[in-house]
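# what follows is a predicted protein model with its sequence.
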Amino acid sequence: MRYPRLRYYDKDGWLGASDALLMCFYMPHPNERIAPAVVRAVELFRERIRPHQLAWNDTGEGQAEPLDEASWERTRRDMLAGPKRAAFIQMWDSPRRFGGLHVDYRGLSAVPLPWPDRKDDVCVLYLRLPTQYLEERGPEHVRVLALELAAELPFSSGYVDFVLCSSSEDETEALKLIRPRYQGVPLALSGATMNVGTWVDGVHWMNFLGQPVLGKLGGVSGLRERLVLPGLSLQEMSGDRVLITLGERPEVGDVEAGQTLPLHRALAQLLAPSLYQRKSFFGNPVPEELLRWDRRFLE
């Protein structure tokens, strides 16, 4: 299956949004508790995506350096350095840092942040691949890779999907690329979003659920009773977690082709009380069109 190529360039000619395959996992634990698992997941990701390669690494001072074994070892050492420390990983396939491979991990310190608007922050592992990866390897390969990564991570929720990734400054303009035609394409940021808490960040092709949301839904047995739909699969995972997969591959929901995405709408109705809603930053309200797009399966 071929996916649409979606690109938005700002008035200065810079790429502000592009299509991608995105894997994202939210973990409500301090970095010190989950750092070894995150390191294993990143190493597994780098190994499995070959011959695609991450080639640049953030030095920790806002600069990029070539990603070699010494550079990765420094990053790995910083991740595992000790208690109560925040941590991050930033890697790209290009020094341009946008539109291709990207690993973005944000790890919380064990000491809570003092600002009220950061009370919902959690650790996030954000893994972006070019759309060509999905087209070349196929959805079954992507599914197996995502399950391998998820098995390493103590997530409360997560997802895999074909998305449109946008810078925060360009979201409103980028949305015009997919609204109203491509109902199945989420609008994601070009990096990790931490303030998701234990909410569920939308409805997607692959939906990973853990606690507390899974418990609120009656566990795996409760889901099996409430989600009896052709094309929807439930896969129980260790640690009281589950994967809900909607169809065989990511669907763009092209309204011009009559695609209505009934599985997405059914899951959205079930998850409605637990769905994440974008939050304002620095007092700036979230544009209404973005909020409506996030809730399009409920309308």
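Nice, thanks for sending it over.

# can you list the strands that the longest strand anywhere in the chain pairs with?
As assigned by DSSP state E, the longest strand anywhere in the chain is strand 15-27. If you go by DSSP bridges, strand 15-27 pairs up with strand 7-9 (antiparallel), strand 123-129 (antiparallel), strand 157-166 (antiparallel).

# any chance of those strands in JSON lines, with mean neighbour count too?
C-betas here are computed from N, CA, C, even on glycine. Shown next, in JSON lines, are these (neighbours: other CB atoms under 10 Å):
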{"stretch": "strand 7-9", "mean neighbour count": "15"}
{"stretch": "strand 123-129", "mean neighbour count": "25"}
{"stretch": "strand 157-166", "mean neighbour count": "26"}
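
# tell me which of the ones you listed sits nearest to Asp68.
Of all the strands paired with strand 15-27, it is strand 123-129 that lies closest to Asp68, at 20.4 Å by CB to CB.

# so after the closest one, what's the next helix or strand?
helix 131-137 (DSSP states H and E).

# which strands and helices sit next to that next one?
Packing partners of helix 131-137 (3 or more CB pairs under 8 Å, 6 or more residues apart in numbering; DSSP states H and E): strand 15-27.

# over to Thr59: give its phi and psi.
Per-residue torsions, Thr59: phi -80, psi -10 (degrees, to the nearest 10).

# just the element for the spatially closest residue to it that is not a sequence neighbour, please.
Of all residues not flanking Thr59 in the chain, Glu65 sits nearest, at 5.2 Å (CB to CB, 6 or more residues apart in numbering). Using DSSP H and E, Glu65 sits within strand 64-66.

# any buried residues in that strand, and which?
The neighbour-count check on strand 64-66 (16 or more other CB atoms under 10 Å) flags Ala64 as buried.

# list the buried ones in the helix or strand following that strand?
Using DSSP H and E, the helix or strand that follows strand 64-66 towards the C-terminus is helix 69-79. Residues 71-72, 75-76, 79 are the ones in helix 69-79 that count as buried (16+ other CB under 10 Å).

# what does stretch 222-229 give?
By neighbour count on 16+ other CB under 10 Å, the buried set for stretch 222-229 is 223, 227.

# who does the worst-scoring helix or strand of the chain on mean pLDDT pair up with?
Within the chain, no helix or strand scores below strand 64-66, which has a mean of 91 by mean pLDDT, DSSP states H and E. If you go by DSSP bridges, strand 64-66 pairs up with strand 56-58 (antiparallel).
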